[in-house]
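> below are the sequence and a predicted model; questions follow.
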Amino acid sequence: MKNLTVRMARHSARHPWQAITGWLLFVVLCLGAGIALGSNPATSEDFRIGEAGRAEALAADGGLQQKPLERVLIQAAPGTGPLDRAEAEAAAREIGTRMRQLPEVLSVADPVPNAAGTALRVDVTMKGAELDGKKHVDPLLAQTAEVRAAHPRLTVEEVGSPSIGKGVDKLRGEDLSRTEVIALPVTLITLLLVFGSLMMAVVPLLLALSSIVAAVGLSMLASHVFPDAGVGTNVILLIGLAVGVDYTLFYLKREREERARAGGRLTTEAVVELAAATSGRAVVLSGLAVAVSSATLYLADDVIFSSIATGAVVVTLVAVLSSLTVLPAVLAKLGDRAERRTARRQARAEARAAAGKPVRRTLRTRRAPRTGSRTGGGRITAAVLRPVAKHPAATLAVSGLALVALALPVLNINITEMSRETHSRAIPAMKTYDRLMAAYPDLKAMHQVVVRADAESAEDVAGALRTLADRADAEDPAIGGTPVLRVSDDRRVTLLEMAVPHSVSSPEAEASLKRLRTELVPGTVGALAGTEVAVTGEVARYADYPAHQKSKLPLIVGALLLVTFAMTVWAFRSVVLGLVGVVLNLLSAFASLGLLVLVFQNEWAEGILAFESTGSIGSRVPLFLFVILFGLSMDYQVFVISRIREARLNGTPTRQAVIEGLSSSAGVVTSAALVMVTVFGSFAALHLIEMKQIGFSLAAAVLLDAFVIRILVLPSLMLLLGEANWWPARGTLPTAHPEQTDRQPVSVG
């Protein structure tokens with residue numbers, strides 16, 4: 001791998017314009033190919049999970065699948081007194097007439113008054129698949145707006161899955177634009193502080209953005225194999241900006257160190273090759289670790305996580321490719337520019353000296369990096385490492401216990417699927433939804449019992465379902481409203497709908513679902529021979545999805561542990577370091593998850609982070625956190641241990657190598673962590689609660705990993721292990737002689 005990175009860097013450094021042009025062409029081709037072929041969005045069939053998914057497949061087999069549904073709510077306008085029933089009915093008729101004329105509309109139901117007589121409702125069923133409704137809902141909303149304008153004494157509002165989905169997408173887009181406004185300038189400022197040069201700060205940002213553009217195009221192509229669930233672009237932006245900047249940062253910092261160490265004795269190409277042989281190899285290892293870790297999400301057997309995995313894998317590999325190809329070329333051009341500038345300054349100084357004029361400033365042909373990348377580290381690094389070096393056992397015990405304490409809240413984690421009740425009320429459709437639910441509480445959720453049998457058994461099936469409905473009405477307090485029975489045209493599929501006037505994640509709704517599946521269905525229609533029965537509906541959907549994620553979590557975590565172990569052993573030829581990596585990643589992940597539970601399941605942080613606690617964690621968050629954190633943790637682990645191993649291979653004793661490696665890498669790890677925290681932290685400002693939880697948890701995880709795991713826990717553990725760190729390859733390492741290394745020992749304490 002080292003030879004590969006060096007060869008690629010050498011070619012790019014010697015032919016910089018060729019490499020830069022080739023990269024730009026690659027980005028344009030990726031995006032162009034993606035746009036030309038188009039994206040393949042996930043369909044309703046792709047989202048089917050568990051028994052609810054089986055029931056939906058049965059319903060679709062009989063043409064009874066869910067259709068996109070909009071509801072028009074008619075109430076008295078505020079301050080106009082009670083509802084004028086005649087005017088409300090006139091508005092309802094006008095709604096019906098207008099909607100029936102739209103090509104997007106399949107049917108319009110008769111107006112339904114609520115029990116209190118304060119509202120009238122018109123249900124409008126749209127054509128097409130359930131997920132496609134939000135693409136075609138605008139004409140319906142326009143007709144509703146015209147009726148509202150024609151009846152100023154009435155409040156005429158429209159809401160449904162299509163309009164809510166459209167509102168969520170709009171808010172997500174606005175939020176992502178806001179994160180870009182926050183993340184990009186802060187990242188640029190961070191890089192300016194790291195390099196002290198605008199040009200050097202802009203390079204990582206531009207390469208990361210170009211990698212994101214290329215990855216978006218490639219992900220569109222990949223969606224024809226792994227359908228896009230609508231989150232791929234979000235993931236590419238989230239991961240791409242973080243790893244793209246970090247990988248470039250690792251490379252740039254090493255190039256500046258080697259340039260400063262060479263003191264003008266090496267050519268620009270030679271300096272770039274040195275950086276490629278060290279940090280270039282670490283970037284490749286880190287990128288492969290992130291990509292392979294992200295790929296374990298395919299094991300979730302879920303279209304959303306497959307879409308996340310595709311976005312993360314593609315953007316990570318593209319970021320690695322940019323650091324191997326175009327980055328050495330850019331560094332070569334910048335190095336040549338610096339050499340010419342230095343030569344001009346020296347020529348001017350010599351000319352002034354020859355003319356007998358005083359030289360105004362002392363020429364410095366090379367300037368050492370100003371941040372913690374100096375050999376020996378900065379004062380803060382030395383101050384932190386001093387107690388680690390003196391008392392590694394105590395440091396390990398204190399920091400380890402602190403992380404375990406942070407992880408303890410995981411024992412009380414409550415994982416639920418985020419439903420409409422948790423959507424931000426900044427979405428106008430959600431305010432209408434709340435008013436609709438207040439007027440018609442029986443619309444909050446429903447159970448659907450779907451039965452497939454021979455057409456000859458249709459009457460028996462219908463009879464058994466009526467019996468089920470009667471028993472549910474008598475025995476289940478969570479069931480309300482009038483049951484609805486529907487039969488397919490071929491009489492092979494029968495569907496029973498029963499209203500549940502409770503929120504989908506409420507204890508009443510969950511108990512009702514359990515009773516339905518374990519008692520009522522087996523005792524009625526489930527007892528009929530030759531039938532296939534399954535239960536779906538909003539309650540079942542929101543119950544089955546978290547259950548599915550919980551069942552897949554052990555498999556994916558196990559795969560992550562195996563990947564982490566294998567990648568570390570492969571990178572460093574050490575089984576001990578492989579085990580250390582597994583333990584530290586687990587500790588970091590559980591501590592971050594515990595902090596997430598502590599913040600979001602309680603109410604004390606609501607004002608700080610601007611959210612309303614749902615008392616739960618989104619079902620996708622733990623799995624996403626584990627996978628992405630395991631991958632990103634490898635970034636720091638590979639970079640830090642690479643520095644330590646490099647010193648050990650130079651003959652430095654392990655104890656001194658640990659201190660030296662930490663000192664030389666602390667600055668870049670800190671800088672990289674600040675960039676990642678900026679990116680992830682900006683997502684914590686989003687309105688959507690699940691995205692907010694993901695952003696917060698990743699930001700917290702990176703902080704813990706960079707400033708506790710890699711600065712305290714890892715070095716103290718390696719100091720205690722000593723030469724055992726390198727087992728079984730320790731016998732192949734050179735004899736430890738500090739004088740063999742060209743680097744000065746680091747004074748700590």
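Nice, thanks for sending it over.

> span of stretch 594-611 from start to end?
Stretch 594-611 has an end-to-end distance of 18 Å (CA to CA, to the nearest Å).

> and that stretch, what's buried?
Gly594, Leu595, Leu596, Val597, Leu598, Val599, Phe600, Gln601, Phe611 (16 or more other CB atoms under 10 Å). All C-beta spots, glycine's among them, are computed from the backbone N, C-alpha and C.

> how close does the spatially most central residue of the chain get to Ala566?
The residue lying closest to the centre of the chain (CA atoms, centre = their mean) is Val235, at 5.0 Å. Per CB to CB, to the nearest Å, Val235 is found 24 Å from Ala566.

> for the buried residues of stretch 594-611, which one is nearest Asn414?
Gln601 (6.2 Å; CB to CB).

> list the contacts of Ala329.
Ser12, Ala13, His15, Pro16, Trp17, Gln18, Ala19, Ile20, Trp23 (CB atoms under 8 Å, 6 or more residues apart in numbering).

> do Pro139 as well
Leu102, Glu104.

> how far is the host helix or strand of it from where the chain is centred?
According to DSSP states H and E, Pro139 maps onto helix 138-150. Mean-position distance between helix 138-150 and its chain equals 37 Å (CA atoms, centre = their mean, to the nearest Å).

> same deal with stretch 244-264?
29 Å.

> give the buried residues for it.
244-261.

> ok so, going back, so the residue nearest to the centre of the chain sits against Ile308, correct?
Yes: the pair Val235 and Ile308 passes the contact test of CB atoms under 8 Å, sitting 5.1 Å apart.

> separation between Ser107 and Arg573?
Taking CB to CB, one finds Ser107 at 68 Å from Arg573.

> then Gly244?
Counting by CB to CB, the gap from Gly244 to Arg573 is 29 Å.

> mind listing the strands for this protein?
Remark: strands assigned in the chain by DSSP state E are 69-76, 105-108, 112-113, 119-126, 154-160, 415-416, 445-452, 480-487, 493-500, 532-536, 617-618.

> in JSON lines: the contacts of Ala329, plus neighbour count, distance to Phe639 and pLDDT.
Shown next, in JSON lines, are the contacts of Ala329 (neighbours: other CB atoms under 10 Å; distance: CB to CB, whole Å; pLDDT from 0 to 100):
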{"residue": "Ser12", "neighbour count": "26", "distance to Phe639": "21", "pLDDT": "88"}
{"residue": "Ala13", "neighbour count": "26", "distance to Phe639": "22", "pLDDT": "86"}
{"residue": "His15", "neighbour count": "14", "distance to Phe639": "28", "pLDDT": "89"}
{"residue": "Pro16", "neighbour count": "23", "distance to Phe639": "26", "pLDDT": "88"}
{"residue": "Trp17", "neighbour count": "10", "distance to Phe639": "30", "pLDDT": "91"}
{"residue": "Gln18", "neighbour count": "12", "distance to Phe639": "29", "pLDDT": "92"}
{"residue": "Ala19", "neighbour count": "24", "distance to Phe639": "24", "pLDDT": "92"}
{"residue": "Ile20", "neighbour count": "17", "distance to Phe639": "26", "pLDDT": "93"}
{"residue": "Trp23", "neighbour count": "22", "distance to Phe639": "24", "pLDDT": "95"}
